[in-house]
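>>> build me a model:
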Amino acid sequence: MDTVHKIGRRKTAVARIYLSEGKGNITVNGKEYKNYFTTGTLQYKVQQPLMLTENLESYDIKVNVYGGGVTGQAEAIRLAITRALVSINEEHRLVLKPEGLLTRDPRMVERKKFGQKKARKKFQFSKR
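Numbering: from 1, shown residues only. Below you'll find the predicted structure:
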């Protein structure tokens, strides 16, 4: 099996993964993923597609991720891993699709508008 290269995005985070056969090592920006994502929730998000398809110790994954915050980065990695697993074996789609892992979350930060405090918040109006 050759190395599979896929991209996942979430908010402004972009994750490029390189998935190859191995022992289950996940490296994010040169670090072990458990050192990069310190909370259990984020570690679970990264592992979720591998756990659902029972491939936790089947593949080595090298990740380059940039932009956004840690949650957006973890979810971008999750999407990229999901896409890679589906490209390797189309049957994984039946497990991952109902969990919503194949859908790219389109929500982005709304821009700040001119004459307002934030995107929707207005300046306080005082009548004197």
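>>> flag every buried residue along stretch 65-75.
Neighbour counts over stretch 65-75 (16 or more other C-beta atoms under 10 Å) mark 65, 68, 71-75 as buried. For the C-beta atoms, the positions are set from N, CA and C on the backbone; glycine is no exception.
>>> end-to-end on it?
End-to-end distance of stretch 65-75 (C-alpha to C-alpha, to the nearest Å): 11 Å.
>>> contacts for that stretch, please.
With contact meaning C-beta atoms under 8 Å, 6 or more residues apart in numbering, stretch 65-75 is reached by 8, 10-16, 28-29, 37, 42, 45-46, 76-77, 105.
>>> hmm, 7 Å instead?
Under the contact criterion C-beta atoms under 7 Å, 6 or more residues apart in numbering, stretch 65-75 has outside partners 10-15, 28-29, 37, 42, 45-46, 76-77, 105.
>>> so which of the buried residues of stretch 65-75 sit within strands?
Under the assignment DSSP state E, the buried residues of stretch 65-75 contribute residue 65 to strands.
>>> quick check, nearest of the buried residues of stretch 65-75 to residue 57?
Nearest to residue 57 among those: residue 74, at 20.2 Å, using C-beta to C-beta.
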